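1. here's my sequence, what's the structure:
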Amino acid sequence: MAEVLLQSLFNLVPNSARIMASSGVVTLRLVIRHTHASRLIPIITSNSTSKSVALRRRSFACLEQLLQEWPTAPLERHGSTLSGAVKRGISDADSEARMVSRKCYWSLHNQLPSVARALYTSLEQSHQKALQNARGPANGVSLLPHSDRSSSSSQESLK
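-> As a prediction, the model looks like this:
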C-alpha cells in the first residue's frame, strides 16, 4: 500500500495549497517511520532529480529520516542507489538541499560505512571539505562561533 501511495504523497509537496502540501509531508514522515520496506527507497531517491526544489528538499529530508530510523538490513540492498542520491544532493543547486544531503551522508556513514567511504572518495575536494565541516559539532567541536570562542578563551585566560 505504501509503495502505491508514496509517489502521490510526494506530488502533494509542491502544491500551492499549503494544507495539501503539509498533509503530504506529514503522511510521508509517518509512512517512512512505520514502513521499513526496501522497495520504497527507489521511489524516494527518484524524487531527488526533480525540477521542483521543494520536491528535491523533501526527498532528501525523507532520505535522512530513512537513514536515521531504519535498520541496516533493508538499506543494504540499495547502497548504490542511496549513495547516488546523496552524491546528487551534495552538489544540488539549492543550499538547503545540500545541507540536508550532508546530514544524509553522515547517517549513511553510520548505517553503511563502506558505502559512505566509497562515496567520500568519489567526491571533489570541496565537497569533502563541506562534509567535514558539516560534521563539526558532532565530533565534539565547540558550538560557539569562532569569534565567540576566541573571546571566551581570552576571558578564561584573564581569570
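
2. contacts, neighbours, all on C-alpha from now
-> Will do.

3. which residue is the nearest non-sequential neighbour of residue 68?
-> residue 107 (5.9 Å; Cα to Cα, 6 or more residues apart in numbering).

4. go on, residue 61?
-> residue 100 (6.3 Å).

5. residue 32 versus the one you found, what's the distance?
-> 17 Å (Cα to Cα, to the nearest Å).

6. just the pLDDT for the residue nearest to residue 22 when sequence neighbours are not counted.
-> Distances taken as Cα to Cα, 6+ apart place residue 13 nearest to residue 22, at 7.2 Å, with adjacent residues excluded. Among the per-residue scores, residue 13 shows a pLDDT of 94.

7. low-confidence ranges in the chain?
-> Scanning the chain for pLDDT under 70 picks out 136-159.

8. how about the helices in it?
-> Applying DSSP state H to the chain gives helices spanning 2-12, 18-34, 41-46, 53-69, 72-76, 79-90, 95-111, 113-122, 125-135, 146-158.

9. a markdown table for those helices, including mean neighbour count?
-> Shown next, in a markdown table, are the helices of the chain (neighbours: other Cα atoms under 10 Å):
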| stretch | mean neighbour count |
| --- | --- |
| helix 2-12 | 16 |
| helix 18-34 | 15 |
| helix 41-46 | 18 |
| helix 53-69 | 22 |
| helix 72-76 | 15 |
| helix 79-90 | 21 |
| helix 95-111 | 22 |
| helix 113-122 | 15 |
| helix 125-135 | 14 |
| helix 146-158 | 10 |
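
10. thanks a lot, see you next time.
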